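In: Generate coordinates for the sequence data below:
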Amino acid sequence: MLLIPKRFFAICLAMLSLGAQSAPAASDGLSFSRHDWQLVCDNTRTCRAAGYSADGDANPVSVLLTRTAGPGQAVTGQVMLGDYGSDSIAAKLPAVLKLSMRVNGRAAGQVVIETKSTMAADLSTAQVNALLAALPRASTIEWVGGGNSWQLSDKGAAAALLKMDEFQGRIATVGALVRKGSRGEEGVLPPLPAPVVAAVAPAKPQPGDAEFAKKHGKALRAALLPTVKEDGNCTKLTELEEGAQEELSVYRLSASKLLVSTPCWLAAYNFGAGFWVINSAPPFNPVLVTDSGSNYSYGSISASHKGRGLGDCWSTDTWTWDGKNFIHTESSTTGMCKLIATGGAWSLPTIVTAQGGRPEK
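Out: Residues are numbered from 1 along each chain as shown. Alright, predicted model coming up:
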């Protein structure tokens, strides 16, 4: 039986862009979408707006517009041609493809794309400005070359760019992208520093660690159960027979702390495991890190999930051991499920951190 948790549905909804979220505090990041455009801002207030071709377009394309917070910050841009599947038109293109960019029928310069590597190219300042002038209104934006045309949808662009202005505090300023005003940018929100997380090496295993789950399986399960809801994301734990320990894995973190994990849920093309920090002796006092983890390796818990079976959109998360707790150090998606690339088109983080030190093995 496939057990699909509520969080998995939330991931799919976000990546399929079926709605928009209201703006939280800047330090919390932001995810917003409207039609063929999405906006993702991270905890430093850097914002990334990704736009795509319309669904069903034979020649998919995507654009990424990035702007850091603070006065006088310019928008940078990239364009990526779709290259998904064995019948992708990209496989028939020359190794170096020169495309003419056109905005409402007017030439806007060239881009050169190396089709055997990234399938992407940077846009010039003039090209970014042409996009920003056209996107808030109905426009035709395309890249033409090699007998093909890749057209970017403008549906939802105005809402995404306006949300970027709102998140960075630029509305009614001279630097606003959509709702410009006469005010200078001196008062716009400044960038926030990325939190520094010092990774700490986990302790070496101690005698008895290998038998810990077998010895304490019944008590461990009893301690873990109250941390999850019966109808929540760890149905496999609630269904585990009392006293069973064969699916419990234990890792040494420090002299007094262990990490315990067990499968939590299984869906059509994703799975999630629960990870808890516990005391190395009763009472265990478990603290849940995540119920949707994928892997643990030397002080780092990672999660990676497809937005759909085609594998053209993913979400990833990382939690890092700092000697006392697991800190959520990375959270991002690869953008909408739009058949741009296997594994997704872009990196759109909501949580970024600075590494204060890497543990040595």
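In: after the lowest-mean-pLDDT helix or strand in the chain comes which helix or strand?
Out: Least confident helix or strand, the chain: helix 6-15 with a mean of 44, by mean pLDDT, DSSP states H and E. Following helix 6-15 in sequence order, the next helix or strand is strand 30-34 (DSSP states H and E).
In: buried ones in the longest helix seen in the chain?
Out: In the chain, assigned by DSSP state H, the helix with the most residues is helix 212-224. Within helix 212-224, the residues that count as buried by 16 or more other C-beta atoms under 10 Å are Phe212, Ala213, His216, Gly217, Leu220, Arg221, Ala223, Leu224. The C-beta positions use only the backbone N, C-alpha and C, and glycine is treated the same way.
In: so what pLDDT did the fourth one get?
Out: Per-residue confidence (pLDDT) for Gly217: 88.
In: pretty sure it contacts Leu248?
Out: Yes - at 6.1 Å, Gly217 counts as touching Leu248 under the criterion of C-beta atoms under 8 Å.
In: contacting residues around the helix or strand encompassing Phe275?
Out: Of the helices and strands defined by DSSP H and E, Phe275 is found in strand 271-279. Identification of contacts with strand 271-279 by C-beta atoms under 8 Å, 6 or more residues apart in numbering yields 5, 7-8, 220, 223-224, 227-228, 233-234, 237, 253, 256-265, 284-294, 296, 301, 303, 305, 319, 325-326.
In: now, which of the residues you listed lie within strands?
Out: If you go by DSSP state E, the contacts of strand 271-279 have 257-265, 287-293, 296, 301, 303, 305, 319, 326 in strands.
In: Selecting buried members of these in ChimeraX, what would you type?
Out: Here is the ChimeraX command that selects the buried residues among the ones in strands among the contacts of strand 271-279 (16+ other C-beta under 10 Å):
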select :257,258,259,260,261,262,263,264,265,289,290,291,292,293,296,301,303,305,319,326
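In: picking that back up, output the buried residues of helix 212-224 as JSON lines; include the columns distance to Gly70.
Out: Listed next are the buried residues of helix 212-224 as JSON lines, based on distance: C-beta to C-beta, whole Å:
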{"residue": "Phe212", "distance to Gly70": "50"}
{"residue": "Ala213", "distance to Gly70": "50"}
{"residue": "His216", "distance to Gly70": "52"}
{"residue": "Gly217", "distance to Gly70": "53"}
{"residue": "Leu220", "distance to Gly70": "49"}
{"residue": "Arg221", "distance to Gly70": "50"}
{"residue": "Ala223", "distance to Gly70": "47"}
{"residue": "Leu224", "distance to Gly70": "45"}
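In: just the residues you listed now: which is nearest Lys204?
Out: For the buried residues of helix 212-224, the minimum distance to Lys204 (C-beta to C-beta) is 14.5 Å, reached by Phe212.
In: could you say which helix or strand contains the residue lying closest to the closest one once chain neighbours are set aside?
Out: Spatial nearest neighbour of Phe212, excluding adjacent residues (C-beta to C-beta, 6 or more residues apart in numbering): Val250 at 4.6 Å. Take DSSP H and E as the rule and Val250 turns out to sit in strand 249-252.
In: If you average the pLDDT over that strand, what comes out?
Out: Average pLDDT, strand 249-252: 96.
In: do the same with stretch 268-287
Out: For stretch 268-287, the mean per-residue pLDDT is 96.
In: Make residue 1 into 254 and carry on from there
Out: New numbering, starting at 254: the last item is stretch 521-540.
In: Alpha carbons of it, in PDB - could you do that?
Out: Extracted C-alpha coordinates of stretch 521-540, given in PDB (Å, rounded to 0.1, in the frame of the first residue of the first chain):
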ATOM      1  CA  ALA A 521       4.500   6.600  -6.000                       C
ATOM      2  CA  TYR A 522       8.000   8.000  -6.700                       C
ATOM      3  CA  ASN A 523       9.100   9.400  -3.300                       C
ATOM      4  CA  PHE A 524       9.800   8.200   0.200                       C
ATOM      5  CA  GLY A 525      10.500   9.900   3.500                       C
ATOM      6  CA  ALA A 526      12.300   8.800   6.600                       C
ATOM      7  CA  GLY A 527      12.000  10.200  10.100                       C
ATOM      8  CA  PHE A 528      15.100  11.500  11.900                       C
ATOM      9  CA  TRP A 529      15.100  12.200  15.700                       C
ATOM     10  CA  VAL A 530      17.900  13.400  18.100                       C
ATOM     11  CA  ILE A 531      17.600  11.300  21.300                       C
ATOM     12  CA  ASN A 532      19.500  10.900  24.500                       C
ATOM     13  CA  SER A 533      21.800   8.000  24.500                       C
ATOM     14  CA  ALA A 534      20.200   6.600  27.600                       C
ATOM     15  CA  PRO A 535      16.600   6.700  28.900                       C
ATOM     16  CA  PRO A 536      14.600   8.900  29.000                       C
ATOM     17  CA  PHE A 537      15.200   9.400  25.300                       C
ATOM     18  CA  ASN A 538      13.400  12.700  24.900                       C
ATOM     19  CA  PRO A 539      13.300  12.500  21.100                       C
ATOM     20  CA  VAL A 540      13.400  15.700  19.100                       C
END
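In: Lovely, talk soon.
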